[in-house]
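1. sequence plus the predicted model coming up.
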Amino acid sequence: MATPANGRGRRIEPGKGGILLTAIDCFTRHGYAGTSIDRIARAAGVTKGALYYHFRDKEQLLFEAVKERIGAFESYVLGKVEPIADPAKSLRAIARICAENAATDNHRRFILTLMVEALDTNVTLSGEFREMLRRFRSFHRHLIRSGQESGLFRNDVDASAAAETFVGGILGAEVQFYQDPEAIDVRSSLETHVDQFLAWLTMPPDAQRRATQSAREV
């Protein structure tokens with residue numbers, strides 16, 4: 001398995017951490033409306049009193065469970081990418097990790113779905129997702145600027161806009177895969193995305209203008 005984000009096959013430990021892992025499993029399988037405090041308590045093997053000792057209500061439990069999974073994924077990505085000195089290889093590694101998680105981790109699918117649903121229904125969760133995406137873009141922006149400073153990437157590209165484009169491609173590929181997994185190969189899609197992104201990011205300005213002009217003439 002690519003990351004520790006998926007709870008399947010793991011022994012649930014007692015306490016808050018175990019409850020959070022059980023909760024995200026229940027929310028993923030049954031949805032927010034279909035997951036009750038009773039259901040989570042039974043699945044975790046604890047009393048409702050033990051659950052309420054740690055969490056005020058189901059909404060707080062959802063928030064904490066999602067936040068914990070986001071944190072686990074971010075820590076995993078940092079652990080894999082930070083030792084890589086080459087920014088281009090780092091971007092490839094991130095795309096590969098995201099593809100592996102999309103294909104193997106139902107928690108990630110639930111969180112991505114919830115990210116959209118929370119826009120109009122849960123201000124607190126929406127704020128957490130907004131900060132998550134800002135951190136994700138900021139991390140990529142740093143990688144791109146590092147590549148620019150080292151001469152690997154073009155300096156005429158706005159690093160913030162490039163980071164937004166890269167992250168957008170990753171999320172878009174995942175959504176397509178979740179919607180139509182039989183038709184979309186998420187690994188191939190993200191490999192193509194990073195190939196094209198790096199080709200653009202490393203293309204000299206003169207070559208880019210010639211390519212753009214040739215495309216318009218066709």
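-> Looks like it came in fine.

2. my guess is residue 128 meets residue 66, correct?
-> Yes - using C-beta atoms under 8 Å, residue 128 makes contact with residue 66 at a distance of 6.9 Å. No exception for glycine: its C-beta is placed from N, CA and C like everyone else's.

3. those two: who's more crowded?
-> residue 66 (25 against 17; other C-beta atoms under 10 Å).

4. next up, the contacts around the closest residue to residue 46 other than its chain neighbours.
-> The shortest distance from residue 46 to any non-neighbouring residue, by C-beta to C-beta, 6 or more residues apart in numbering, is to residue 19 (6.6 Å). Contact analysis of residue 19 by C-beta atoms under 8 Å, 6 or more residues apart in numbering lists 40, 44, 46, 50, 51, 54, 55, 61.

5. could I get the buried residue list for the host helix or strand of residue 19?
-> Per DSSP states H and E: residue 19 is located in helix 16-30. By neighbour count on 16 or more other C-beta atoms under 10 Å, the buried set for helix 16-30 is 18, 19, 20, 21, 22, 23, 24, 25, 26, 27, 28.

6. for it, what is the average pLDDT?
-> Summarised as a single mean, pLDDT over helix 16-30 is 92.

7. same deal with stretch 100-114?
-> Here the average pLDDT along stretch 100-114 is 92.

8. check which residues of it are buried.
-> In stretch 100-114, counting by 16+ other C-beta under 10 Å, buried: 100, 101, 102, 105, 106, 107, 108, 109, 110, 111, 114.

9. so of the residues you listed, which ones are in helices?
-> Using DSSP state H, the members of the buried residues of stretch 100-114 that fall in helices are 100, 101, 102, 106, 107, 108, 109, 110, 111, 114.

10. isn't the last one right up against residue 121?
-> No - with contact defined as C-beta under 8 Å, residue 114 does not reach residue 121; the gap is 9.4 Å.

11. what's the closest non-adjacent residue to residue 115?
-> Nearest residue to residue 115, sequence neighbours excluded (C-beta to C-beta, 6+ apart): residue 129, at 4.7 Å.
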